[in-house]
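# what's the 3D shape of this:
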Amino acid sequence: MNYKPFPLHKLKGILSVVFSCIKLQQNSSQILYFLSQLSLYSISVNLDQNPSSFISMTQELLTLRLKNLQESIHNLTDLIRELRNNRDLLDDTTQSLYKKQLEQQIKSREETLAAYQKEYQEIQAQLDQLSSPSKPMPPKPKTPNIAELFNLLDDAFNDGDLQTFCMKYFEKVYNNFALGQSKNARIQALLDYCKQHLEYDKLLHQIKEERPAMYQVYQARLFT
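You can find the predicted model right below:
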């Protein structure tokens, strides 16, 4: 299965969670060292080469962190319930100080619980994002065989027709033609422009429109 490079905007969103997850796990010093040595640039290079291993490791770590959070949320909920019950049993008159201390503990635990619940939701969203199928990347435009394309232009147009062709479809190239410039130099200027501006597709389309018979002769050789 082919994986496309993992987008850095997703990576930035999960790195903080991944690091917090790693730090809470035992026997993870090698993984922590591995990640700590990577800059965002080197991470992107590694992902381009083999993104699946990092994505898989990230999913495992996030899933493990979710399980830890579930346990922590469960334990905190029970503790808060117990503290509330103890508070409610206290007498306001004789045990007000102890009751106030319990209320402070309850408030602190509730804030921690809210933070855990928020983190749980964020990690779950990240896991959903990692698990969702990626949209297929658009195919890269094909680069024709430049030698064959040069020969096609040379055979399809005489010097005057080549200048007219460029004037109609590649005006910037035409405007840079010099007086007395050779036909070969004009063809090379056109090819250089199309390479720089990624307009090979346009060039081939216009040649096919203007010289369909000659294009047919070269078509099979243009992408071999």
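
# dump the residue contacts of the residue nearest to residue 207 when sequence neighbours are not counted.
Among residues not flanking residue 207 along the chain, residue 215 sits closest, at 5.4 Å (C-beta to C-beta, 6 or more residues apart in numbering). (Each C-beta comes from the backbone N, C-alpha and C, glycine too.) Taking C-beta atoms under 8 Å, 6 or more residues apart in numbering, we find residue 215 in contact with 152, 156, 204, 207-208.

# show me which pair in these is furthest apart.
Farthest pair in the contacts of residue 215 (C-beta to C-beta) is 156 and 204. Separation: 11.3 Å.

# what packs against the host helix or strand of residue 67?
Using DSSP states H and E, residue 67 maps to helix 51-89. Helices and strands touching helix 51-89, by 3 or more C-beta pairs under 8 Å, 6 or more residues apart in numbering; DSSP states H and E, are helix 8-24, helix 40-49, helix 96-131.

# least reliable of those helices going by mean pLDDT?
Among the helices and strands packed on helix 51-89, helix 40-49 has the lowest mean pLDDT, at a mean of 40.

# residue 173 against residue 187, yeah?
No. Between residue 173 and residue 187 there is no contact under C-beta atoms under 8 Å: 10.1 Å.

# so how far is residue 128 from residue 118?
16 Å (C-beta to C-beta, to the nearest Å).

# what does residue 151 give?
Taken as C-beta to C-beta, the span from residue 151 to residue 128 is 54 Å.

# these two: which is more packed in?
Each of residue 151 and residue 128 has its neighbours counted (other C-beta atoms under 10 Å); residue 151 has more, 16 against 9.

# wouldn't the more buried one be in contact with residue 214 here?
No. The pair residue 151 / residue 214 is not scored as a contact, 10.1 Å apart, by C-beta under 8 Å.

# number of nearby residues for the closest residue to residue 117 other than its chain neighbours?
Setting aside the residues directly before and after it, residue 117 is nearest to residue 73 in space (C-beta to C-beta, 6+ apart), at 6.4 Å. Using other C-beta under 10 Å, residue 73 has 16 neighbouring residues.

# need the contact list for residue 73.
By C-beta under 8 Å, 6+ apart, the neighbours of residue 73 are 113, 116-117, 120.

# among those residues, which ones are buried?
113, 116, 120 (16 or more other C-beta atoms under 10 Å).

# in the helix or strand residue 195 falls within, what's buried?
In this structure, residue 195 is located in helix 183-196 according to DSSP H and E. Across helix 183-196, burial judged by 16+ other C-beta under 10 Å covers 186-187, 189-191, 193-194.

# and stretch 148-161, by the same measure?
148-153, 156-157.

# which one of those residues is nearest residue 66?
residue 149 (55.3 Å).

# I figured the closest one was touching residue 191, is that so?
Yes. Here residue 149 reaches residue 191: they are 6.7 Å apart, a contact under C-beta under 8 Å.

# shaky segments in this protein?
1-55, 57-58, 130, 132-141, 224 (pLDDT under 70).

# how far away is the residue nearest to residue 117 from residue 67?
The spacing between residue 73 and residue 67, counted by C-beta to C-beta, is 11 Å.

# repeat for residue 187
Taken as C-beta to C-beta, the span from residue 187 to residue 67 is 66 Å.
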